[in-house]
Every structure is written in structure tokens, then in C-alpha cells.
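Undergrad: got a structure for you, letters missing:
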């Protein structure tokens, strides 16, 4: 089972994930979360994977799919706080170079840049 919590910092939506991102509930939840954020016009998404204990090929596929969807929508998706297992998996599959991977939340937020931060009005969630 996967836990998902969304919070907003400046113009970035931080998605805190916990548990297992696997075929079935985990990957479906990740897909639905990213699609839901895009539907709400959220284009700067930071996936915090610090509490993810396991990710399988289906979960990896959803990460790549989510990344592609966000990019096509003109946004950006970054990864934060990879566990050793997830880090190694991304290295082995050569996906580590695809994603912008950060290990510090404040630096990750700053990495999105601030060109849209001033133009966006705060939204209630």
C-alpha cells in the first residue's frame, strides 16, 4: 500500500510518497495523483520518495510516464530523497540521468526557478 500526501511550497506541489510503488494499487495511485495534479493545473511537481520502501518495474514505468505527461503539459517533475534501493534501481536501469534528482527539499524547490512564482495567485487546496 502507498501513502500519498500533497503540500504546496511556493509554486511547487510536493508529493510525499510512502510504502511500496508496485503493480496494482501503488502504481495506479501514483498515476492518479499525477493526473489529478495536472488536471488542477499544477505543473511543478516534486515527488518525495524518502519513505518509499520498494519500487518495481511497474512503479518505475509510472515514474517515467508521469515525467513524460508533466513535460508534455509544459511542466517539470523532480525526484527528492531517494532511498538507497530506489537510487540503485534508477542507476541500474539508466533512469537516474532522465530525472532531476535532489536530496535537499529547499534546494529542490529552488531548482524549479521562480519565473512563475510571482505571476501565480495563491490557491486554496
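TA: Yes, it's here. Owing to the predicted nature of the structure, the values given are computational and were not obtained by experimental measurement. Residues are numbered from 1 along each chain as shown.

Undergrad: got any ranges where this structure has weak pLDDT?
TA: Confidence mapping of the chain against pLDDT under 70 gives the ranges 114-125.

Undergrad: let me see the ranges of the helices in it.
TA: Counting by DSSP state H, residue ranges of the helices within the chain are 25-39, 57-72, 84-92, 105-111.

Undergrad: which stretch among these comes nearest residue 5?
TA: Ranking the helices of the chain by distance to residue 5, with Cβ to Cβ as the measure, places helix 25-39 first at 10.0 Å. For the C-beta atoms, the positions are set from N, CA and C on the backbone; glycine is no exception.

Undergrad: what packs against that closest one?
TA: For helix 25-39, the elements it packs on are strand 2-9, strand 12-21, helix 57-72, judged by 3 or more Cβ pairs under 8 Å, 6 or more residues apart in numbering; DSSP states H and E.

Undergrad: tell me the angle the longest strand seen in the chain makes with helix 57-72.
TA: Assignment by DSSP state E gives strand 44-55 as the longest strand of the chain. Computed with axes from the mean of the first three to the mean of the last three Cα atoms, to 10 degrees, the direction of strand 44-55 lies at 170 degrees from that of helix 57-72.
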